[in-house]
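1. Here is a sequence with its predicted model. Questions after.
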Amino acid sequence: MSDVLLEVDTIHTFIGQFHILEGVSLKVRTGSITALLGRNGAGKTTTLRSIMGLNPPRSGSIRLAGEPINGRPAYEIAQLGVGYVPEHRAIFRDLTVEENLRLAERKRGDLAKRSDFIMSLFPDLKRFYRHPGGKLSGGQQQMLAIARALVADNRLLLIDEPSEGLAPIIVEQIVAALRQMAAETTILLVEQNFAMAAQLADEYYILDDGRSVQHGRMADLVHDHATIDKYLGAG
Amino acid sequence: MIEWIQRRRGLIAGIIAAILFAMWASSQYEPRVLASILLSGLTLGALYFLVTSGLSLIFGLMDVLNFAHGTLFMIGAYIGFTLYANPRLLLNTLPFVLAFVAGWLLARWLPFSSLPAGHRRPLWVVAVLVGVFAVWGFELAPLATTALSSGGRVPTEQAQAPVGLFIARTLGLAIAGLIAGAAFIIGSEHARRPANRDLAWPIGLLALALIIAPLRLSAEGWILALDSNTRFLLALVAGAGGGAALGGLMEWSLIRPLYSRPIYQVLVTLGLVFVGTELVKGIWGPGGYFMELPAWFSRRGPSCPSPNLIAWLQDNCASIDVLGRPFPSYRIFIIALGIAMFIGIAVLLRYTRLGMIIRAGVQDGEMVQALGINVRRVFTLVFALGAGLAALGGVAAAPFLGISPGLGQEFQLQAFIAVVIGGMGSFTGAAIGALLVGLARAFGDQIVLTGIQLPWMSEAMTFSPSIARASTVLIMALVLLLRPAGLFGKKE
């Protein structure tokens, strides 16, 4: 089991009074892309936020490379090498593209070191380097949000719905970029767009009503229409 | 073109309103009267700005409405004034504070951390007992009052207490700090973690306390022998520094545990207004003080008022000639201080990493955390910065407005109005709001003084003095009708 980077074990997370996660367990292998699937409200975003320490779980455990991280503040979890690309991107709208990226530096020189790689993935960012993040299009903002997670040396990236609300051509660019990133890092991906998730992921976990109900190899899931209809179909 | 106008209609409306107002004002008043109204408005605006900038940054970054900001302004004035006119009070109490903090920090190096959490409460009690025992019989009042009535020269009996006893009290407080620090640490996450092995702080603070203790009488003489300008600069630094330290302490101890309960937070800051006011009355007495102007701004003589700013640099007159009317030079200094702080903060926000974190945090503090930045530490820093700015404003206002326990509240109210006008959380908004409120007060005062002469009236229309105070509220109401989020506020 030495190649498991992230291990989430039966976490229970509450938001206010609401019991959102009722025992989610999953494992992410080093170097893989793992997709977290499920309907709206199944608890995918909350799972990512729990791992990140933004909604700390009330019970259960989360280990990063064997080290327990649950209960630690979000900034410490990030410093351990976890990058977060949230739902709706959370770009700093008043900061320029450059400042958005610079803010993500954890050591001086991080950005200089990774800049070429980032700009090769997302050439648009170079063009708008000194523009405020709020002036970018939705697709460019998504690229910036992903790029921001690449600035520091991250072992694990948590990416929440990167295709949400984007035109198919932009989604293709992002898929290509994620694929390139996967060569260097490990990704836990939440995605509603099943076609996109199927293209990218090696493994999948399905959440339903705050529980992890099924997991396996993505290659098997694409042919399992019963499961897809049961947990991922509309309605 | 039309689109451009539509996009900037707020700005255009503002400029038109300003031009109309300027036309009205220049028909109403002679240029020299107008100039001194404007300068008075700028003076008030600069003071308001020092309060609103911190208030707005703190609200923008951490959603805390700090009602005690005006209290920090007032305490800054008292601290600065004390160093300026009665350093005895500071020199006889500072070692106690330093020793307590040193003891607190030192607790991390002692094996206290292995104690079970159950020892917490008894340790707190012991710390309080030791602290009370250490300062038993030490009276503040003689230090605060008699020094002033005697011109600050004659050491009081209290200040002449034997050095041995004074050092014993200092060490007693260090021990109290040590025990309190231990009570704070045990059973908490600090105990688990390897302590920050930098011993320089606690040892340095304790050494400083023990150096001041025997020297406090002569140090008092040195400070009072300095010329008033140097003492004034020291007062600005001490007031701002003291205010920043208090602000940081306040965030760390009272505000931080309540981030998830914003209503309690507001109540705590509101409560601190009363605590702060009573504390100040307890230490300095309920009466007010007057802080003398330093020599730079107080010379009178045949060549005064100075014909212009350049001449003032030479002759340091108390007032400067502005279009034939004398205007106090100290108020020009306040304006300059306000402008310098505005530029300073703008540069900090624009060009430093801390500034970048603050700007990002105003928009989305959670995402800043998720990038690996300890936002809580930035919160404390910004709280201290804002408090320091307000306290600096307090020291600057002291020679101009006088010092009294009620000083903070008037400023607090006007500063809130200014922040609301400018838009909560916007730094530019805080500056513009402060300027508008300052100008409104100055024009309001003038209108109360002379009334308004309208062409079709034989006599000037007169107003009651409350119009000056009401004017700022009227502006606020008008701005909120047109732009509910304030001039520079972001729409939710």
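-> Yes, it's here.
2. Next, count neighbours for the residue in chain A that chain B sits nearest to.
-> At 3.5 Å from chain B, A:A78 is the closest residue in chain A, using C-beta to the nearest C-beta. Backbone N, C-alpha and C define where each C-beta goes, glycine included. Residues lying near A:A78 (other C-beta atoms under 10 Å in any protein chain shown) number 25.
3. ok, how many other residues are close to the residue nearest to B:R300 when sequence neighbours are not counted?
-> Excluding the flanking residues, the one nearest B:R300 by C-beta to C-beta, 6 or more residues apart in numbering or on different chains is B:A318, at 5.6 Å. Here the number of neighbours of B:A318 (other C-beta under 10 Å) works out to 19.
4. wait, isn't B:A318 in contact with B:R299?
-> Yes. With contact defined as C-beta atoms under 8 Å, B:A318 reaches B:R299; the gap is 6.2 Å.
5. Quick check: phi and psi at B:I320.
-> B:I320 adopts backbone torsions of phi -120, psi 140, taken as degrees, to the nearest 10.
6. Please parse chain A into its domains.
-> Chain A breaks down into these domains under automatic domain parsing: A:4-81+A:155-232, A:90-153.
7. The host helix or strand of A:Y75 packs against which elements?
-> Per DSSP states H and E: A:Y75 is located in helix A:74-79. The elements that helix A:74-79 packs onto, with contact taken as 3 or more C-beta pairs under 8 Å, 6 or more residues apart in numbering or on different chains; DSSP states H and E, are helix A:44-52, helix B:353-370.
8. ok, what's across the strand from the spatially most central residue of chain A?
-> Centre of chain A computed as the mean C-alpha position; nearest residue by C-alpha atoms, centre = their mean is A:I159, 1.5 Å away. As for beta bridges, A:I159 partners with A:V85, A:L189 under DSSP bridges.
9. Next up, the contacts around it.
-> Shown in contact with A:I159 (C-beta atoms under 8 Å, 6 or more residues apart in numbering or on different chains): A:V85, A:I146, A:A149, A:L178, A:I187, A:L188, A:L189, A:V190.
10. Buried ones only from the residues you listed, please, as a PyMOL command.
-> Buried residues among those (16 or more other C-beta atoms under 10 Å in any protein chain shown), as a PyMOL selection:
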select buried, chain A and resi 85+146+149+178+187+188+189+190
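11. Is it possible to get a markdown table of the contacts of A:I159 that adds pLDDT?
-> Below are the contacts of A:I159 laid out as a markdown table (pLDDT from 0 to 100):
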| residue | pLDDT |
| --- | --- |
| A:V85 | 92 |
| A:I146 | 89 |
| A:A149 | 90 |
| A:L178 | 87 |
| A:I187 | 90 |
| A:L188 | 92 |
| A:L189 | 89 |
| A:V190 | 91 |
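12. from the contacts of A:I159, which is closest to B:L65?
-> Closest to B:L65 out of the contacts of A:I159 is A:V85 (32.5 Å), distances taken as C-beta to C-beta.
13. Outside of stretch B:267-275 itself, list whatever touches it.
-> For stretch B:267-275, contacts defined as C-beta under 8 Å, 6+ apart pick out B:64-68, B:70-71, B:250, B:254-255, B:258, B:408-409, B:412.
14. Tell me how many other residues surround B:A77.
-> 33.
15. swap in B:L389?
-> Quick note: B:L389 (other C-beta under 10 Å) scores 29 neighbours.
16. Identify the residue spatially nearest to it, adjacent ones excluded.
-> Nearest in space to B:L389, with sequence neighbours left out and distances taken as C-beta to C-beta, 6+ apart, is B:G54 at 4.6 Å.
17. that older thread, using TSV, lay out the helices and strands packed on helix A:74-79 together with mean pLDDT.
-> As requested, the helices and strands packed on helix A:74-79 are exported to TSV (pLDDT from 0 to 100):
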stretch	mean pLDDT
helix A:44-52	91
helix B:353-370	90
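18. Which stretch among these is buried most, on average?
-> helix A:44-52 (a mean of 25; mean count of other C-beta atoms under 10 Å in any protein chain shown).
19. Flag every buried residue along the helix or strand hosting B:L233.
-> In this structure, B:L233 is located in helix B:228-250 according to DSSP H and E. Neighbour counts over helix B:228-250 (16+ other C-beta under 10 Å) mark B:228, B:231-232, B:234-236, B:238-248, B:250 as buried.
20. Just give me how far it sits from the chain centre.
-> Here helix B:228-250 shows a centroid-to-chain-centroid distance of 9 Å under the convention C-alpha atoms, centre = their mean, to the nearest Å.
21. hey, which helix or strand in chain B has the poorest pLDDT?
-> helix B:189-192 (a mean of 56; mean pLDDT, DSSP states H and E).
22. Tell me the helix or strand right after that helix.
-> Under the assignment DSSP H and E, the closest C-terminal helix or strand after helix B:189-192 is helix B:200-225.
23. Report the rounded mean pLDDT for that following helix.
-> For helix B:200-225, mean pLDDT is 83.
24. Mind giving me the packing neighbours of it?
-> If contacts are counted by 3+ C-beta pairs under 8 Å, 6+ apart, helix B:200-225 sits against helix B:87-91, helix B:94-106, helix B:163-185, helix B:228-250.
25. Next, work out how far apart the residue in chain B that chain A sits nearest to and B:G361 are.
-> Relative to chain A, the nearest point of chain B is B:G372 (3.5 Å; C-beta to the nearest C-beta). Distance of B:G372 to B:G361, computed by C-beta to C-beta, to the nearest Å: 13 Å.
26. What of B:W252?
-> Distance of B:W252 to B:G361, given as C-beta to C-beta: 17 Å.
27. Could you say which helix or strand holds A:G216?
-> Counting by DSSP H and E, A:G216 is part of strand A:211-217.
28. Alpha carbons only: can I get that strand in CSV?
-> Provided in CSV are the C-alpha atoms of strand A:211-217 (Å, rounded to 0.1, in the frame of the first residue of the first chain):
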residue,chain,number,x,y,z
ARG,A,211,-21.5,8.0,1.5
SER,A,212,-18.9,6.4,-0.8
VAL,A,213,-20.9,3.6,-2.5
GLN,A,214,-18.7,2.2,-5.2
HIS,A,215,-15.3,2.4,-6.6
GLY,A,216,-13.1,0.8,-9.2
ARG,A,217,-11.3,1.3,-12.5
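29. quick one, the helix holding B:L233 and helix B:200-225 angle?
-> Taking axes from the mean of the first three to the mean of the last three C-alpha atoms, to 10 degrees, one finds helix B:228-250 and helix B:200-225 inclined to each other by 150 degrees.
30. need the next SSE after helix B:228-250, C-terminal direction.
-> Per DSSP H and E, the first helix or strand lying C-terminal to helix B:228-250 is helix B:262-284.
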